[in-house]
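S.K.: Got a sequence here, can you model it:
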Amino acid sequence: MPVTIKDLERAIRAAFPVSHLSIDDQSSGCGSSYAILLVSEAFEGKSTLARHRLINQALKEEISQLHAFSQVGLGTHSCWNATLVDRPSLQKSFTPAQYAVHQAKSG
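M.R.: Here you go, the predicted model:
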């Protein structure tokens, strides 16, 4: 049975305090490829690698069933809020793909 967005969301919310979560099915609905944007205080003081390892551990079972899994944004609540304050135009929810494009454009 393919992994669904609801499966990923349930697992993420069970493992982390979530300030913002966006999950993008990049496989046209077949459930084989997802990208996530997650903002959580659990990432405070952790390197990017440590954040990725936390997600990989929490979603170990789900990731093993996927063809592709991308963590396009893992940040803290304070970092996310600072971004929104500095750039009011970002006060909308991005899909992970949109966030990746935004990050690439903004440096």
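S.K.: among the helices and strands of the protein, which has the poorest mean pLDDT?
M.R.: One helix or strand of the chain scores below all others by mean pLDDT, DSSP states H and E: helix 77-86, with a mean of 58.
S.K.: show me where this structure has helices.
M.R.: Using DSSP state H, the helices of the chain run over 5-15, 48-58, 60-63, 77-86, 96-106.
S.K.: which stretch in these has the least confidence?
M.R.: In terms of average pLDDT, helix 77-86 trails the rest of the helices of the chain, at a mean of 58.
S.K.: Could you check how far Glu44 is from Gln65?
M.R.: Applying CB to CB, to the nearest Å, the value for Glu44 to Gln65 is 30 Å. C-betas here are computed from N, CA, C, even on glycine.
S.K.: same thing with Pro17?
M.R.: For Pro17 relative to Gln65 (CB to CB), the value is 25 Å.
S.K.: Please apply the same query to Ala42.
M.R.: Going from Ala42 to Gln65 by CB to CB gives 24 Å.
S.K.: same question, Gly75
M.R.: 26 Å.
S.K.: So for the two, which sits in the more crowded spot?
M.R.: Neighbours per residue, other CB atoms under 10 Å: of Gly75 and Gln65, the larger number sits with Gly75, 21 against 13.
S.K.: quick one: contacts for the more buried one?
M.R.: Taking CB atoms under 8 Å, 6 or more residues apart in numbering, we find Gly75 in contact with 38-40, 43.
S.K.: Quickly list what it is bridged to.
M.R.: Beta-bridge partners recorded for Gly75 (DSSP bridges): Val39.
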